[in-house]
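Visitor: Here is a sequence together with a model predicted from it:
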Amino acid sequence: MPDDVNVRSPDDPAFHELCRALAKKADEVDATGKWPAAQLRLCAHYGVWNWFLPFEWQGDEWSDADLARGYMGLAGACLTTAFIITQRTAAVRRILASSNDALKAQLLPGLRSGERFATVGISQLTTSHQHADEPVLRASETSGGYKLHGFSPWVTGAAHADTIAIGAVFKDGRELLVALPTDLAGVSVEPPLRLLGVGASATGQVRLDNVVVPEELVLAGPIHGVLTGGAGSGTGGLQTSSLAVGLAGAAIDYLDQESAQRPNLVAVAAGLRVDQTQIESDLLNLAAGEPVCTQDDLRARANSLALRASQAALGAAKGAGYVWGHRAGRYCREALFFLVWSCPHPVMQANLCELAGLE
Ligand SMILES: Cc1cc2nc3c(=O)[nH]c(=O)nc-3n(C[C@H](O)[C@H](O)[C@H](O)COP(=O)(O)OP(=O)(O)OC[C@H]3O[C@@H](n4cnc5c(N)ncnc54)[C@H](O)[C@@H]3O)c2cc1C
């Protein structure tokens, strides 16, 4: 590969070059289900890892609005690659937010260069298995550190990760977040799950069998609500909406192309584009700190748009779109992902009510 190109902003022509390269391979990534190593290397080549790092870590410290635009572009090109980047970034944010300076110095340089890969296993603290009587990943104190036992139900790219930012719960309800090395004794990565979409993201369970984690690997806690207030929280939630809007944009682009020869599609594409423009504007305003709506409201609308736009693309593609390998069919499967990924209860409820035709 030629010398690295550092994409400076979403307006940089090099960014569009990167998106075009990712888009060319998106159907192949979907069809093979193979971890998109080449795509991630390409992202490293274009300096994507620097977007998320502050200047003090030699990053480019993109603004939240530019990050949202970056994510929309990447998701429109290849949702799987964009999604993997969000999970990697979530881990990087947790590491950056930690007060454990020695651990930061150990992990961040390799993550910046792309030599190391990190991901998150935190859904057991937020949206997964919350109805279970017992937390699925338990923490207890032991000499010099903590013992973790149980499993993390969803970890994207676990088999490719050196580090997992993973959360566990004590008997008294306090929580712990650690940077778990995947080669620590007792850690095992289950085979990836077969998914409806983003199947190449190598997502599956990670089991921890009485894993002893030394104090030096603690990112935050023990504390109640370890994920809220500081430790990597903030506007990161806008990532999911950015990806949904990016995917919707790709489906609307498809409708636009088809409508060049099919006048009946013109109004459909235009109607969806108006919706996309409004949601995108609200998203960028929220990212810039303008409280134009709540994050949950935005996410529910972004989910709805992704579902409607992808299904409109499929309708326009007709039977050909229903054949495996057509991008309209892929958009539909990928849009379903937003109903279940990192979806807070009010968002899920709003989407279900819309599907049921309720107010
Ligand atoms: C492809 C993919 C990749 C992901 N990657 C990551 C990642 O990298 N890191 C990460 O931390 N998270 C990740 N997640 C997790 C995600 O953000 C959510 O936490 C997850 O989708 C929640 O689904 P669940 O099936 O675990 O939910 P659960 O709430 O555990 O539901 C599972 C089942 O339990 C039953 N159930 C649910 N609620 C109740 C109830 N109230 N009472 C009785 N029964 C109930 C239902 O039968 C349901 O089907 C990923 C998810 C997906 C789909």
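Guide: Okay, I see it. These numbers come from a predicted model, not from an experiment. Numbering: from 1, shown residues only.
Visitor: For the chain, list the residue farthest from the centre, please.
Guide: No residue in the chain sits farther from the centre than Pro263, which is 36.2 Å out by Cα atoms, centre = their mean.
Visitor: What separation do you get for it and the ligand?
Guide: Remark: distance between Pro263 and the ligand (Cβ to the nearest ligand atom, to the nearest Å) = 38 Å. Heads up, the C-betas are built off the backbone N, CA and C, glycines and all.
Visitor: name the element Leu208 belongs to?
Guide: In this structure, Leu208 sits in strand 203-214 according to DSSP states H and E.
Visitor: Only the C-alpha atoms, please, for that strand, written as PDB.
Guide: The C-alpha coordinates for strand 203-214 follow below in PDB (Å, rounded to 0.1, in the frame of the first residue of the first chain):
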ATOM      1  CA  THR A 203     -19.800 -11.300  17.100                       C
ATOM      2  CA  GLY A 204     -20.300 -13.900  19.900                       C
ATOM      3  CA  GLN A 205     -20.000 -14.700  23.500                       C
ATOM      4  CA  VAL A 206     -16.900 -14.500  25.600                       C
ATOM      5  CA  ARG A 207     -16.700 -16.800  28.600                       C
ATOM      6  CA  LEU A 208     -14.700 -16.000  31.800                       C
ATOM      7  CA  ASP A 209     -13.900 -19.000  34.000                       C
ATOM      8  CA  ASN A 210     -12.800 -17.500  37.400                       C
ATOM      9  CA  VAL A 211     -10.500 -15.100  35.600                       C
ATOM     10  CA  VAL A 212      -8.100 -13.300  37.900                       C
ATOM     11  CA  VAL A 213      -7.700  -9.700  36.800                       C
ATOM     12  CA  PRO A 214      -5.000  -7.700  38.500                       C
END
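Visitor: Which strands or helices does the helix or strand following it pack on?
Guide: Next helix or strand after strand 203-214 toward the C-terminus (DSSP H and E): strand 218-223. Applying 3 or more Cβ pairs under 8 Å, 6 or more residues apart in numbering; DSSP states H and E, one finds that strand 218-223 contacts helix 79-97, strand 145-156, strand 175-181.
Visitor: send the alpha carbons of strand 218-223 over as CSV?
Guide: In CSV, the C-alpha atoms belonging to strand 218-223 read as follows (Å, rounded to 0.1, in the frame of the first residue of the first chain):
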residue,chain,number,x,y,z
VAL,A,218,-9.0,-1.8,36.0
LEU,A,219,-10.4,1.0,33.9
ALA,A,220,-13.1,2.2,36.3
GLY,A,221,-14.9,1.1,39.5
PRO,A,222,-15.9,-0.7,41.6
ILE,A,223,-18.7,1.8,41.7
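Visitor: so what secondary structure elements neighbour the next helix or strand after it?
Guide: Remark: after strand 218-223, the chain's next helix or strand is helix 238-259, criterion DSSP H and E. Packing partners of helix 238-259 (3+ Cβ pairs under 8 Å, 6+ apart): helix 64-77, helix 79-97, helix 266-287, helix 295-321, helix 327-340.
Visitor: Nearest to Ser188 among those would be which one?
Guide: When these are compared by Cβ to Cβ, helix 79-97 sits nearest Ser188, at 19.1 Å.
Visitor: What residues of the following helix or strand past that closest one count as buried?
Guide: Next helix or strand after helix 79-97 toward the C-terminus (DSSP H and E): helix 101-113. For helix 101-113, a neighbour-count test (16 or more other Cβ atoms under 10 Å) marks Leu103, Lys104, Gln106, Leu107, Leu108, Leu111, Arg112 as buried.
Visitor: any idea which helix or strand comes after helix 101-113?
Guide: strand 118-121.
Visitor: what about the stretch 1-150 of the chain, any weak spots by pLDDT?
Guide: 1-3 (pLDDT under 70).
Visitor: go with 50
Guide: Residue ranges of the stretch 1-150 of the chain with pLDDT under 50: none are present.
Visitor: returning to that earlier point: quick check, nearest of the buried residues of helix 101-113 to the ligand?
Guide: Nearest to the ligand out of the buried residues of helix 101-113 is Leu111 (Cβ to the nearest ligand atom; 15.7 Å).
Visitor: Now do the same contact list for that closest one.
Guide: Contacts here follow Cβ atoms under 8 Å, 6 or more residues apart in numbering; on that basis Leu111 touches Trp49, Arg88, Val92, Ile95, Phe117, Ala118.
Visitor: same thing but at 6 Å, please
Guide: Val92, Ala118 (Cβ atoms under 6 Å, 6 or more residues apart in numbering).
Visitor: same deal with the one 3 residues further on?
Guide: Going by Cβ under 6 Å, 6+ apart, Gly114 touches Ala44, Trp49.
Visitor: before we move on, what about Pro10?
Guide: Shown in contact with Pro10 (Cβ under 6 Å, 6+ apart): Asp66, Arg69, Gly70, Gly73.
Visitor: Could you find the closest non-adjacent residue to the second one?
Guide: Spelled out, that is Arg69. Pro10 (3.9 Å; Cβ to Cβ, 6 or more residues apart in numbering).
Visitor: quick one on the thing from earlier: from Ala312, how far off is the residue farthest from the centre of the chain?
Guide: To Ala312, Pro263 is 15 Å away according to Cβ to Cβ, to the nearest Å.
Visitor: what's the answer for Val189, then?
Guide: 38 Å.
Visitor: One more: Val7?
Guide: 31 Å.
Visitor: How about Val213?
Guide: Distance from Val213 to Ala312, by Cβ to Cβ: 48 Å.
Visitor: and if you look at Gly249?
Guide: Distance from Gly249 to Ala312, by Cβ to Cβ: 13 Å.
Visitor: Give me the domain ranges for this protein.
Guide: If you go by automatic domain parsing, the domain ranges for the chain are 13-113, 118-223, 235-355.
Visitor: Sounds good, over and out.
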